[in-house]
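any chance you could fold what I've pasted below:
(one chain, ligands or ions: 3)
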Amino acid sequence: MTRTVRIIGAPTDYGANRRGVDMGPSAIRYAGLAEQLENAGVVPEDAGDLPVPRAEERDPEANQPTEGHAKFLRETEEVSTRLADDVADALADDVTPLVLGGDHSVAIGSLVGSARDADIGAIWFDAHGDLNTPTTTPSGNVHGMPLAAGLGIADFGGVEWANAPGLRPENVALVGLRSLDDAERELIRSTDLTAFTMSDIDERGITDVVDDALAVATDGTDGVHVSLDLDWLDPKEAPGVGTPVRGGVSYREAHSALETVAHSESLRSLEVVEVNPILDEHNETAELATELAASALGKTIL
Ligand SMILES: NC(=[NH2+])NCCC[C@H](N)C(=O)O
Ligand SMILES: [Mn+2]
Ligand SMILES: [Mn+2]
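Residues are numbered from 1 along each chain as shown. Ligands and ions are numbered 1, 2, ... in the order given. Prediction:
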C-alpha cells in the first residue's frame, strides 16, 4: 500500500535564541518538499501550518535569559498540545506525520502525539543532546530540552503536557553527538539512554551505528520517531542553523543514515527541525532537509 505523508508545519522560534527559524516550514516547502516526497513514492498531503503565538503576543516576562529558567514555556505548551493532537490524528488516519520546524521545541508535541496510543522508540539525529531541563539549562532555550521533556526526566517529571507516555529511555538512541552540557553528560551516564557520538561514527561507520540505533528504538515498540535536527550535519553542508557545531556528519553519511531508517520499515513519525533561512545560503539547508526527508521515506538512488 502506498504511504501517505501528512506535512504539518510548526513555525516556532521562541524555543531558540535565533529569530528566523520560524520561516523553516516555508523554506522547506519552497525547496520542493512535495515533489521530493513524490519521488520517494509516497503521497504528500499538506496540512498547512499550526498557529503559533507571534512575538508581539508572547509574554515578555517569559523571555528572561536567566539560568534555571525555561523561556516561553506557556507558548510551548500551547503549540505542543495542538501539534500532539495533529500527529496523533495523522497516525489514527493511517498516515505518516512529517513535522516541519521551527526550532527543536516542536519535538515535544511530535513525541507526545506519536506516543499517545503506542509504545515508540526514538532516534535523535543531532549535534546536541537536547536533554536539559528548566533547572540545568545554560540558555533557557527550550530547543535544548525536548528529549528530557518527552521522557519526563527530572523537573519534567509530572509536567503532563510535555511527557510522551509510550516513550522509554531504553528505546531512545542519540546519534552524532558532539556538543553536550555537563548535566546532559551526567544524565546520559545515569540513564538507559543509548548515545552514539561522532567518535563512534568515525570508528564504526554510519550504517553500523544507525543499525544499532534502530535495534534500540524498535525493541518491543510499535515504531520509531525520527527527529532530524539539521545541525546534525557539518555546518559546511548545512549552514542555515542557529547552533552550528563543527565536525558533523557529511552529506553522504546523512543520506545513508536515513536510507537505513527507510530500509528498516519501522518509521512511524518524522520531523525536520532548526532550518533557519535567514542564516542559510541560497536555501541549501532547506533543500537538504527535503532530500533527507525523502530518503527516510524510501527514496533510493536506483
Ligand atoms: N535543538 C538545538 N539546536 N539545541 C541546542 C541546545 C544548545 C544547548 N545545549 C542549550 O541547552 O541551550
Ligand atoms: Mn542541535
Ligand atoms: Mn536539537
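
up against ligand 1, what does this structure have?
Residues of the chain lying near ligand 1 by CB under 6 Å from any ligand atom: 104, 128, 130, 132, 137-139, 141, 143-144, 181, 229, 231, 243, 274. C-betas here are computed from N, CA, C, even on glycine.

just the buried residues of those residues.
The neighbour count (16 or more other CB atoms under 10 Å) marks 104, 128, 130, 132, 137, 139, 141, 143-144, 181, 229, 231, 243, 274 as buried among these.

give the contact list for residue 145.
Residue 145 makes contact with 70, 105, 130-134, 137, 156 under the criterion CB atoms under 8 Å, 6 or more residues apart in numbering.

please go through this protein and pick out the longest helix.
With DSSP state H setting the assignment, residue counts place helix 73-92 as the longest helix in the chain.

from the contact counts, what lies against it?
Counting contacts by 3 or more CB pairs under 8 Å, 6 or more residues apart in numbering; DSSP states H and E, helix 73-92 packs against strand 4-10, strand 96-101, helix 107-114, strand 267-273.

about what we covered before: ok, and which of the buried ones among the residues of the chain next to ligand 1 reach ligand 2?
When those are checked against ligand 2 using CB under 5 Å from the ion, the ones in range are 128, 229, 231.

what about residue 239, is that helix, strand or coil?
Following DSSP: H, G, I helix; E, B strand; the rest coil, residue 239 is assigned to coil.

before we move on, which element is the closest residue to it other than its chain neighbours in?
Spatially, and ignoring its direct neighbours in sequence, residue 239 is nearest to residue 281 (5.3 Å; CB to CB, 6 or more residues apart in numbering). Applying DSSP states H and E as the criterion places residue 281 outside every helix and strand.

what's the burial count for residue 281?
By the measure other CB atoms under 10 Å, the count of residues near residue 281 is 10.

how far away is it from ligand 2?
Note on residue 281: its distance to ligand 2, by CB to the ion, to the nearest Å, is 19 Å.

and the closest residue to residue 99 other than its chain neighbours, how many neighbours does it have?
Nearest-residue entry for residue 99: residue 271, 3.8 Å, with adjacent residues in sequence omitted and distances by CB to CB, 6+ apart. The burial count assigned to residue 271 is 27, neighbours taken as other CB under 10 Å.

residues in contact with residue 271?
Counting by CB under 8 Å, 6+ apart, residue 271 has contacts 98-101, 106-107, 110, 225-228.

so can I have a markdown table of those showing pLDDT?
Output for the contacts of residue 271, formatted as a markdown table (pLDDT from 0 to 100):
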| residue | pLDDT |
| --- | --- |
| 98 | 99 |
| 99 | 99 |
| 100 | 99 |
| 101 | 98 |
| 106 | 98 |
| 107 | 99 |
| 110 | 99 |
| 225 | 99 |
| 226 | 99 |
| 227 | 99 |
| 228 | 99 |
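
thinking again about what came up before, just give me the closest of the contacts of residue 145 to residue 50.
Closest approach to residue 50 among the contacts of residue 145 (CB to CB): residue 105, at 12.5 Å.

hmm, back to that, with distance to residue 297 added, can I get the helices and strands packed on helix 73-92 in CSV?
Formatted as CSV, these follow (distance: least, CB to CB, whole Å):
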stretch, distance to residue 297
strand 4-10, 6
strand 96-101, 7
helix 107-114, 16
strand 267-273, 7
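
any idea which of those gets closest to ligand 3?
Closest approach to ligand 3 among those is made by strand 267-273 (6.6 Å; CB to the ion).

what is the helix or strand that the closest one is followed by packed up against?
Sequence-wise, the next helix or strand downstream of strand 267-273 (DSSP H and E) is helix 284-296. Where contact means 3+ CB pairs under 8 Å, 6+ apart, helix 284-296 is packed against helix 24-30, helix 33-39, strand 224-229, helix 251-264, strand 267-273.

so what touches the first one?
Contact with helix 24-30 is made by 7, 9-11, 46, 49, 100-102, 240, 272-277, 280, 283, 285-286, 289-290, as judged by CB under 8 Å, 6+ apart.

my read is that residue 139 contacts residue 17, right?
Yes. Between residue 139 and residue 17 there is a contact at 6.5 Å, judged by CB atoms under 8 Å.

check contacts around the residue lying closest to residue 285 once chain neighbours are set aside.
Nearest residue to residue 285 in three dimensions, chain neighbours excluded: residue 240, at 3.3 Å (CB to CB, 6+ apart). Applying CB under 8 Å, 6+ apart to residue 240 gives the contacts 27, 230, 275-281, 283-286.
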